[in-house]
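Enquirer: model this:
(2 chains)
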Amino acid sequence: NAGVMQNPRHLVRRRGQEARLRCSPMKGHSHVYWYRQLPEEGLKFMVYLQKENIIDESGMPKERFSAEFPKEGPSILRIQQVVRGDSAAYFCASSRQSQPQHFGDGTRLSIL
Amino acid sequence: GESVGLHLPTLSVQEGDNSIINCAYSNSASDYFIWYKQESGKGPQFIIDIRSNMDKRQGQRVTVLLNKTVKHLSLQIAATQPGDSAVYFCAEFKGGSGNTGKLIFGQGTTLQVKP
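Expert: Model prediction:
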């Protein structure tokens, strides 16, 4: 049973470019979460989605960041016009209803 | 404000000894907690969880204790092995229904196992 799959594992972008991070949840999981982790820190919640719906986006920056979880295909975290401060590890997690969240191995985003 | 914090940033133990990692939380309404282990370059790995209607739960070599009176959570690892070296995070469930939703993570404790 494959775990949460994230790609790419590493992504390098120049300032002003767009970054797209993908997450395929575990089989049977309909809840997806995105978190951001800065070096030497814990994970910070960004957004929680179910199929085609954003349930909680209280941790998402108001500008440049968006997330989706379409009916078919992976969840996408999109960052437009990236800046140096967006450099971080971005983790996706998935779960069934009322079950623990299981995490992927993250995408390390570096902004030049 | 609400926060989940850990008492020590680094814990060093001898191989074979027991480890105890502590966590304090501030939201007395929280009713679900999870411990995760994160190795370098990887995502957090689920270890064990506990709901607020319990004060102790055991897994394989691990035990989680919950003291709601003082809002304290601990993870005990028996017979610590080199493979246990990692950063350990406690996480508190925040919002939603049926324990499904946003997790609030602490800063993490680095466990170093000496051979």
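Enquirer: now for residue B:77, how many residues are close by?
Expert: By other Cβ atoms under 10 Å in any protein chain shown, 23 other residues sit near residue B:77. C-beta coordinates here come from the backbone N, C-alpha and C atoms, glycine included.
Enquirer: tell me the pLDDT of the nearest residue to it once chain neighbours are set aside.
Expert: Closest residue to residue B:77 apart from its sequence neighbours, by Cβ to Cβ, 6 or more residues apart in numbering or on different chains: residue B:19 at 4.3 Å. For residue B:19, the pLDDT comes out at 96.
Enquirer: hang on, isn't residue B:19 packed against residue B:86?
Expert: No: counting by Cβ atoms under 8 Å, residue B:19 does not reach residue B:86; the two are 11.0 Å apart.
Enquirer: now list whatever residues contact both of the two.
Expert: The contact sets of residue B:19 and residue B:86 overlap at residue B:111 (Cβ atoms under 8 Å, 6 or more residues apart in numbering or on different chains).
Enquirer: quick check: closest non-adjacent residue to residue A:53.
Expert: Spatial nearest neighbour of residue A:53, chain neighbours left out: residue A:69 (7.7 Å); criterion: Cβ to Cβ, 6+ apart.
Enquirer: quick check: that neighbour touching residue A:50?
Expert: Yes: applying Cβ under 8 Å, one finds residue A:69 in contact with residue A:50, separated by 6.8 Å.
Enquirer: these two - which one has more neighbours?
Expert: When residue A:69 and residue A:50 are compared for neighbours, residue A:69 comes out ahead with 24 against 13, by other Cβ under 10 Å.
Enquirer: against residue B:36, how distant is the more buried one?
Expert: Distance, residue A:69 to residue B:36, using Cβ to Cβ, to the nearest Å: 22 Å.
Enquirer: ok, residue B:84 next?
Expert: Distance from residue B:84 to residue B:36, counting by Cβ to Cβ: 13 Å.
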